[in-house]
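> A predicted structure for the sequence below; I have some questions about it.
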Amino acid sequence: MTTQTTQRDQLRQMQHFGPVLMLSAWSFVIVITSLLFLYVGHLLDQWLGTAPNFMFGLFFLAIVTTIGRLYQEAWLRRKCL
């Protein structure tokens, strides 16, 4: 009986970490996609001989799309709770 109650207590305590883990995973995704798009933009700028147009454009595109996707997922999770 005591192992069941302690397992339930542990599960309840771990449920509080869910939003923190989700937020840390999304911040990791934001950083990785930003750096990846920044690098691809830099390669495009070198290939086309342009100023940092593609580099900044793709960087901001990555940030806007990942934050938008984070907002969309948070909005859907809010409705479920």
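Ah, there it is.

> switch to C-alpha atoms for all contacts and neighbour counts from now on
Will do.

> quick check: buried residues in the longest helix that the chain contains?
Secondary structure of the chain per DSSP state H: the longest helix is helix 18-48. Buried residues in helix 18-48, counted by 16 or more other CA atoms under 10 Å: 26, 29-30, 33-35, 37-42, 44-45.

> mind giving me the packing neighbours of it?
Packing partners of helix 18-48 (3 or more CA pairs under 8 Å, 6 or more residues apart in numbering; DSSP states H and E): helix 53-80.

> any idea how far the helix it packs on is from the chain center?
8 Å (CA atoms, centre = their mean, to the nearest Å).

> report the rounded mean pLDDT for that helix.
Mean pLDDT, computed over helix 53-80, is 90.

> now the residue nearest the centre of the chain, nearest residue through space, not along the chain?
Geometric centre of the chain, nearest residue: residue 26, 2.1 Å, by CA atoms, centre = their mean. Excluding the flanking residues, the one nearest residue 26 by CA to CA, 6 or more residues apart in numbering is residue 70, at 6.9 Å.
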